[in-house]
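*Asks:* sequence first, predicted coordinates after that:
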Amino acid sequence: MTTHDFVATAFYNVIGTLPPALKIMSGDTVVTRTLDAGGYDENEVQRAHDPNPMNGPVFIEGAEPGDALKVEILDMKPTRDMGFTRNVLAANVIDPEAARDLPRSEKTLWDIDRHAMTVKLKQQVAGIENLMLPLSPMIGCFGVAPSHGQAISTATSGAYGGNMDYRLLGPGATIWFPVFAPGALFFLGDCHAVQGDGEIVGTGVETTFEVTVRLTVEKARPMSWPRAEIADDIITIGNARPLDQALQHATTEMLNLLVADYGLTKIAASHLLGQVVRYDIGNVFDPAYTVACRVAKKWLPAR
C-alpha cells in the first residue's frame, strides 16, 4: 500500500463528479492539508472562498456504484495556532421570540495550543474567562460524489456525506460512504478543533489541519446512508430536513445494518434499538440536518 502526500492546488465548494486531483489504489493512504471553512490556509492566506472549500476529488481505483468506500481517519494534526467561531446562537435553535432579541453574530478568535492540545478564547468574555477546552479534532465536511452527476454545495449534506459536522468523526473513527460514481471521488475539508453537538452557533472552532486517511473500496456492499464505527459504538447517519426525516433515515440504516451484518430479525433489532439506541445531533444549522443513530458494541451479537 502507498502513502500519497496530496498537496491541493484547487479547492471546491461543491461535492460532485469533477476531474480527479489524485488517483490511488484501494487501501492507499492520503495525507493532505486543509483550508478552514472560510478558505484560509495555515498561514492565514485566503486561497478559496467559503463555504467549506474541499480538497479533492480523490479517485480510488476499482470503486463502482453499489460498493462502499471505507474511510479510516488515522490522524489529524492542527497546522495553525488560531481558529474562529461565531459568537451567537443560530436563530433556528431557539424560540422565535427569543431569536428576535439576539445580538448580531460576530467572528470570534480562539487560541489553539498545539503542545498542550487545548483551545481557549483569545479575548476574555465575562463569566467564562477561564474556559479552556481539550482539542477534539473532527472533519466537518467530507464524502463522495453524489448520484446522477450532481454537484452539491458543501453547505449541506446528503446520502453521499457532505457537511454533517458530527463531532465523533475524528481520529480513530471509520466511516463508510455509499459509492455513486466510478472512482468514488472522495472530498474532505472543513476541520474543527472542537465543536458541540448541532454546530448551533454555525461553526465549530474552524481551523486548518493535516489529515491522514486510508481509503479502501469494499466491493458489493450496498448501503443507503453513511455508516461509522468508533471504539465502542457502531453508527448510522441520516441527513435531511426536517429533523425527524434525518432520524428516520439514520434509524432505517441501522435496522438494515443489524439485519444484514448481524443476522438479527427485524423483531430482534427492534427490541435492541428500543432499549439501547442513542441519538446524536450532528448539525442543525445547515440546509440539511444530521442525526446519528448509535449502538454500543457491547450489546451486539458476535458476527
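*Replies:* The structure has been received and is ready for your questions.

*Asks:* identify each buried residue in stretch 90-110, please.
*Replies:* A90, V93, S105, T108, W110 (16 or more other Cβ atoms under 10 Å). All C-beta spots, glycine's among them, are computed from the backbone N, C-alpha and C.

*Asks:* repeat for stretch 167-175
*Replies:* For stretch 167-175, the neighbour count (16+ other Cβ under 10 Å) marks R167, L168, L169, G170, P171, A173, T174, I175 as buried.

*Asks:* and the closest residue to D197 other than its chain neighbours, its phi and psi?
*Replies:* Nearest in space to D197, with sequence neighbours left out and distances taken as Cβ to Cβ, 6 or more residues apart in numbering, is I281 at 5.0 Å. Backbone torsions for I281, taken as degrees, to the nearest 10, come to phi -100, psi 120.

*Asks:* wait, I281 sits on Q195?
*Replies:* No - with contact defined as Cβ atoms under 8 Å, I281 does not count as touching Q195 (11.5 Å).

*Asks:* ok, those two, which is more surrounded?
*Replies:* For I281 versus Q195, the count of surrounding residues by other Cβ atoms under 10 Å is larger for Q195: 25 against 21.

*Asks:* who touches T108 in this structure?
*Replies:* With contact set as Cβ atoms under 8 Å, 6 or more residues apart in numbering, T108 has these partners: F84, T85, R86, N87, L121, K122, Q123.

*Asks:* now do the SS call for the closest residue to E253 other than its chain neighbours.
*Replies:* Closest residue to E253 in three dimensions, ignoring its sequence neighbours and counting by Cβ to Cβ, 6+ apart: T236, at 3.8 Å. With DSSP: H, G, I helix; E, B strand; the rest coil as the basis, T236 sits in strand.

*Asks:* and T236, how far from T154?
*Replies:* 22 Å (Cβ to Cβ, to the nearest Å).

*Asks:* let me see the ranges of the strands in the stretch 1-150 of the chain.
*Replies:* In the stretch 1-150 of the chain, the segments counted as strands under DSSP state E, counting those that start in this stretch are 3-6, 14-16, 22-24, 28-33, 54-60, 68-78, 82-86, 107-113, 118-121, 132-134, 138-144.

*Asks:* dump these to TSV, plus mean pLDDT and distance to R294.
*Replies:* Putting those into TSV (pLDDT from 0 to 100; distance: least, Cβ to Cβ, whole Å) gives the following:
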stretch	mean pLDDT	distance to R294
strand 3-6	98	31
strand 14-16	98	24
strand 22-24	98	30
strand 28-33	98	27
strand 54-60	98	26
strand 68-78	98	17
strand 82-86	98	25
strand 107-113	97	28
strand 118-121	98	25
strand 132-134	98	21
strand 138-144	98	15
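
*Asks:* closest to L272 out of the ones you listed?
*Replies:* The closest of the strands of the stretch 1-150 of the chain to L272 is strand 68-78. By Cβ to Cβ, the value is 23.0 Å.

*Asks:* can you list the buried residues in that closest one?
*Replies:* Counting neighbours by 16+ other Cβ under 10 Å, one finds that the buried residues in strand 68-78 are A68, L69, K70, V71, E72, I73, M76, P78.

*Asks:* same question, stretch 113-121
*Replies:* Within stretch 113-121, the residues that qualify as buried are V119, K120, L121, counting by 16+ other Cβ under 10 Å.

*Asks:* excluding chain neighbours, what is closest to L133?
*Replies:* Nearest to L133 is V119, by Cβ to Cβ, 6+ apart, at 4.7 Å.

*Asks:* contacting residues for the one you found?
*Replies:* Under the contact definition (Cβ under 8 Å, 6+ apart), the residues listed for V119 are G83, W110, D111, I112, D113, M132, L133, P134, L135, A193, V194, V205.

*Asks:* and which of the residues you listed is nearest I267?
*Replies:* When the contacts of V119 are ranked by distance to I267 (Cβ to Cβ), V194 comes first, at 40.6 Å.

*Asks:* now do the contacts for the closest residue to the closest one other than its chain neighbours.
*Replies:* Of all residues beyond its chain neighbours, the one nearest V194 is S136 (4.6 Å), with distances taken as Cβ to Cβ, 6+ apart. If a contact means Cβ under 8 Å, 6+ apart, then S136 has R167, G170, A193, V194, Q195 as its contacts.

*Asks:* any idea how far the third one is from T85?
*Replies:* The spacing between A193 and T85, counted by Cβ to Cβ, is 10 Å.

*Asks:* which neighbours do those two share?
*Replies:* Common neighbours of A193 and T85, counting by Cβ under 8 Å, 6+ apart, are W110, G204, V205.

*Asks:* what's the closest of those residues to F285?
*Replies:* Proximity of the shared contacts of A193 and T85 to F285 was ranked by Cβ to Cβ; the top entry is G204 with 10.5 Å.
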